[in-house]
Structures are given as C-alpha cells and as structure tokens.
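K.L.:
build me a structure from this.
(chains A and B)
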Protein chains: 2
Amino acid sequence: MDYKLYYWDLPFRGVFIEMLLAEAGASYSRHHASDIYPQRSLKITNPGIAPPYLYECRSKTYFAQMPAILMHLAREYDLLPKRAETHTLALKTILDCNDVLMEITNFNGQVMWEKTAWDEFRYGRLSDWMQTFENTGLAHGFKSDGGYLLGSTLSVADIATAALFGPMVYSFPALAPDLEDNAPHIARLVQRVEARAAIRGLLDKRRAEWERGYCGGQIEASLRAMIEE
Amino acid sequence: MDYKLYYWDLPFRGVFIEMLLAEAGASYSRHHASDIYPQRSLKITNPGIAPPYLYECRSKTYFAQMPAILMHLAREYDLLPKRAETHTLALKTILDCNDVLMEITNFNGQVMWEKTAWDEFRYGRLSDWMQTFENTGLAHGFKSDGGYLLGSTLSVADIATAALFGPMVYSFPALAPDLEDNAPHIARLVQRVEARAAIRGLLDKRRAEWERGYCGGQIEASLRAMIEE
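P.N.:
Next comes the predicted model:
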C-alpha cells in the first residue's frame, strides 16, 4: 500500500486526490476522516487542521491541505509542467479550484444559500471562474482538436480542473449548460479526463456509492434547493 | 524593475509577497488593485479572479493567488526546502496561512463577528492553528537556540509564518499573549524574521503608512470591536 487517504465518503475535496492516485496507478486505502479529525489533528506527524489527510506509507508522514497533497503527488508521479510559468499556473489552477469549492458551499456552509445571493453567485462569480479556466487553457494548451490546460500533455492542472467541474455537473446536472456556455473547451477537457481508463474506472465505482452526493450536510441541501428550484 | 505588485494599501495578503521580495532584494513597484480588479481580471495574461496580482516584467505575465505567487518567488530566489517532505510542508504552511486569513476575517467578511462566535474562534480554532504551526516547527527545524520552521535555514515557510502572525499581533496587540501561550517558538521566529535587515526596513516603512490597519473594511472594524472590547 502506497498511501492512506482520510476523508468523508463524498467527492468534494477528496476526489481530487483519488483521481490523481488513480491516474498515477498508486495503491491506497480509504479511511474515514473522523479517524483523525478533530481529535488527532494536532498530534499527527505534520499536523493539519482539517481533512483531507494523506498518509504516505514510505515516509510515515501525513500531509494535509488538498492543494499541497496534489502538488506533492504530481511531483512524485511526473504530472507537473516543466517551465516555471506553467508550473506556477498548475498550482494557481489548483488554488482556484479550492476557492471555487469554498465559494460554492458559501464558505463551508457559513450561511445557507438564498435565491438572490445564489443567482448573483451563479451568474457572476461562478461564471467568471469558469471563464478564468477557459482563458487560461486558450492562452496555453488548448488546440482546436484537444490539448490540455497548460500544454500538450496531461498535468495535475487538468486532473484538478476535471475534479472540480466534473463532479459539480454530475451532482448538479442543471449546471452543465453554465459550463458549456462559459467554458466550452473546459467542458470538453473534463470529458477527456473523465474518459481516461483509470479515472473512468474510479468514477464509475465511486458514483455507484456516492450517487449525486457532493459536499454533504445542510449546505448541499441548500445548494440543491437553489439549483433544482 | 523586476515586478509590479497589485494590491490594496493594507498588509493582509500583500505583505506576504512584499516580505519575500524584500528578503530576496528584488525590485518592484506597488500599484492599486483596482488597476486590474475587477474590470481587467479576466483579460490579463493568466487571468485571476482577485488580488493580489504579481506582474513579472521579464516574462510579461501576471500571477494571481498569493500562495502560488510565494511559491513562484521562492523557487526563483532559492527559498524552498530541498527535500520532498519539507518542500510540500512549505506549501502546506502557506496554505494554512491563507486559511487563517480567511477565517479571521470570517471568510472575507461574509458575516460580521459577534462575541460568541469570535470567542469560540479565538480560543478554539485560532489556538489550534497556532499550535499547528508550533508543532510543525518542533518536529522539523526549531532548536532551543533558534532554527527555522522546516530546517536550519530560512525558507518561504518562515516568511509566510512571520507575515501571518507578525502583522496580526502588530495590528491587534491583544492577540500577542495568545500567540505566546499557544506557540512560543513561533512568537520567537516571527521576531527573528521581522528583525532581518531588509524585512525590518520594509515593515518600518509600511507601518508608517498603514499604522495598525489590517484587512480593511467593515470586517476589520468588527474584528477590532471584538478584540478591543
């Protein structure tokens, strides 16, 4: 076993790590976040305040913070762009993904969504985010017949982008046209990444368990009420 | 000129970048965030949804996302730990800093602080964050007579940690005992980093302008009302 992943039984932040591990062909076991969080959070080697946590068996250490975990694995499995600019943009893309997760859940469910705020977000900031990804790809890797976000080969930025928008439109199919309208090349990229054999296998298996589940809790219910209204 | 930094006239997320640039001896000019945000956010080379933005003159490109900017500059100026574990922990530390900024402003001022919620945060989550930094340093670089967070030499993780807790206790001196109680080695580290000549010079100059300003807006007023009560 190469890794242990501690997370909730939901896609949200965990699926980013699972998709990368699947693509890399790494072996890992899944554990419930409550095995660490919150009681052991400060006591583990390399303490981290919240899930996901990745335990690396070889080094016997834990890593917290989804973007740091993805960058760590991307370096390990050669999924990082080589040039300084695109290397930095790979990290920047993962951070953008992490921010979108935060914003679509109204900052981890700080306040439940209400119609006016949701519509403002959906047609303002969420559209802007989608266009940010689209414009990044157009300036770097997208070609008329394919390509990847930051160049001609798959990188961690593509896995993160697909792990953001794939589960979002799978859990909330009504958002698929938003992605298509704001970021048509990103919509295609998501399909290409989700079609890769190891990732396809992972998603099929997980979605049989998760169904349309997204982030869980009251905030998912609030989000669902807005979108399905 | 090596860089242009676009940010508000406040420490908050911008001071992380300024402290690194000062330590590195890089030349930069400061510009108001509104030169880019929000009108040009999606149009610049490498679009980014929010300040800070760093323009790299050599490559004629913009970078958004404070943690990505810091990692980019750290690579450029040899401020990254060399081993895979500590390299990842450097990024993880910056992400922790970014989360603390988000949480102490109640998610960018999403809701104003009220006494019960603030006390819960201050004596719960904020204390846990401080201990997370302390335990990381104790497991890696701290020695009885000094040391740095992740090893025996200064890295971007030290600059980020100092940029988080230094301005926090400078703007809100009542929080200094919280840091001292939860993270005494971090309190010393902050002093050592702030005492480095270039960083000392920068902070003296900026604090003459900023005074005790922190993140600005109503959320700073709300925070100040809680802490100074």
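
K.L.:
let me see the contact set for the nearest residue in space to A:Leu175 that is not next to it in sequence.
P.N.:
Nearest residue to A:Leu175, sequence neighbours excluded (C-beta to C-beta, 6 or more residues apart in numbering or on different chains): A:Val169, at 5.2 Å. Quick note: C-beta positions are derived from backbone N, CA and C, even for glycine. Residues in contact with A:Val169 (C-beta atoms under 8 Å, 6 or more residues apart in numbering or on different chains) are A:Leu175, A:Ala176, A:Leu179, A:Val190.

K.L.:
any idea how far A:Val169 is from A:Asn98?
P.N.:
Distance, A:Val169 to A:Asn98, using C-beta to C-beta, to the nearest Å: 18 Å.

K.L.:
same thing with A:Glu23?
P.N.:
19 Å.

K.L.:
check A:Gly137 too.
P.N.:
18 Å.

K.L.:
and after the lengthiest helix in chain A, which helix or strand comes next?
P.N.:
Secondary structure assigned by DSSP state H gives helix A:84-104 as the longest helix of chain A. Using DSSP states H and E, the next helix or strand after helix A:84-104 towards the C-terminus is helix A:106-109.

K.L.:
before we move on, the earlier item: and the longest helix of chain A, what does it pack against?
P.N.:
helix A:66-76, helix A:126-139, helix A:156-171, strand B:61-64, helix B:66-76 (3 or more C-beta pairs under 8 Å, 6 or more residues apart in numbering or on different chains; DSSP states H and E).

K.L.:
so can I have CSV of those showing distance to B:Gly124 and mean pLDDT?
P.N.:
As requested, the helices and strands packed on helix A:84-104 are arranged in CSV below (distance: least, C-beta to C-beta, whole Å; pLDDT from 0 to 100):
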stretch, distance to B:Gly124, mean pLDDT
helix A:66-76, 22, 98
helix A:126-139, 31, 97
helix A:156-171, 30, 98
strand B:61-64, 31, 98
helix B:66-76, 24, 98
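
K.L.:
out of these, nearest to A:Glu228?
P.N.:
A:Glu228 lies closest to helix A:156-171 among the helices and strands packed on helix A:84-104, at 11.0 Å (C-beta to C-beta).

K.L.:
show me what contacts A:Ile36?
P.N.:
Counting by C-beta under 8 Å, 6+ apart, A:Ile36 has contacts A:Tyr6, A:Ile44, A:Pro51, A:Tyr53, A:Tyr62.

K.L.:
cool, A:Asp35 as well?
P.N.:
Neighbour list for A:Asp35: A:Tyr6 [criterion: C-beta under 8 Å, 6+ apart].

K.L.:
confidence score at it?
P.N.:
pLDDT recorded at A:Asp35 is 97.

K.L.:
run through who's touching the worst-scoring helix or strand of chain A on mean pLDDT.
P.N.:
Using mean pLDDT, DSSP states H and E, the weakest-scoring helix or strand in chain A turns out to be helix A:106-109, at a mean of 92. Defining contact as C-beta under 8 Å, 6+ apart, one finds that helix A:106-109 is touched by A:Met102, A:Met112, A:Trp113, A:Ala117, A:Gly217, A:Gln218, A:Ile219, A:Ser222, B:Met102, B:Phe107, B:Gln110.

K.L.:
in ChimeraX, how would I select just the buried ones from those?
P.N.:
To isolate the buried subset of the contacts of helix A:106-109 in ChimeraX, counting by 16 or more other C-beta atoms under 10 Å in any protein chain shown, use the following:
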select /A:102,113,219,222 /B:102,107
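
K.L.:
and the contacts of the helix or strand where A:Asp181 lies?
P.N.:
Secondary-structure assignment from DSSP H and E places A:Asp181 in helix A:176-182. Helix A:176-182 has contacts (C-beta under 8 Å, 6+ apart) with A:Arg122, A:Leu126, A:Ser127, A:Met130, A:Gln131, A:Glu134, A:Phe165, A:Met168, A:Val169, A:Ile186, A:Ala187, A:Val190.

K.L.:
for stretch A:158-175, buried residues please.
P.N.:
So for stretch A:158-175, counting by 16+ other C-beta under 10 Å, buried means A:158-172, A:175.

K.L.:
what's the most distant pair in those?
P.N.:
A:Asp158 and A:Phe172 (21.5 Å).

K.L.:
ok, now which ones touch A:Leu101?
P.N.:
A:Phe12, A:Arg13, A:Leu164, A:Cys215.

K.L.:
turn those into JSON lines, columns for distance to chain B and secondary structure.
P.N.:
Compiled in JSON lines, the contacts of A:Leu101 are given as follows (distance: C-beta to the nearest C-beta, whole Å; DSSP: H, G, I helix; E, B strand; the rest coil):
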{"residue": "A:Phe12", "distance to chain B": "16", "secondary structure": "coil"}
{"residue": "A:Arg13", "distance to chain B": "12", "secondary structure": "coil"}
{"residue": "A:Leu164", "distance to chain B": "14", "secondary structure": "helix"}
{"residue": "A:Cys215", "distance to chain B": "15", "secondary structure": "coil"}
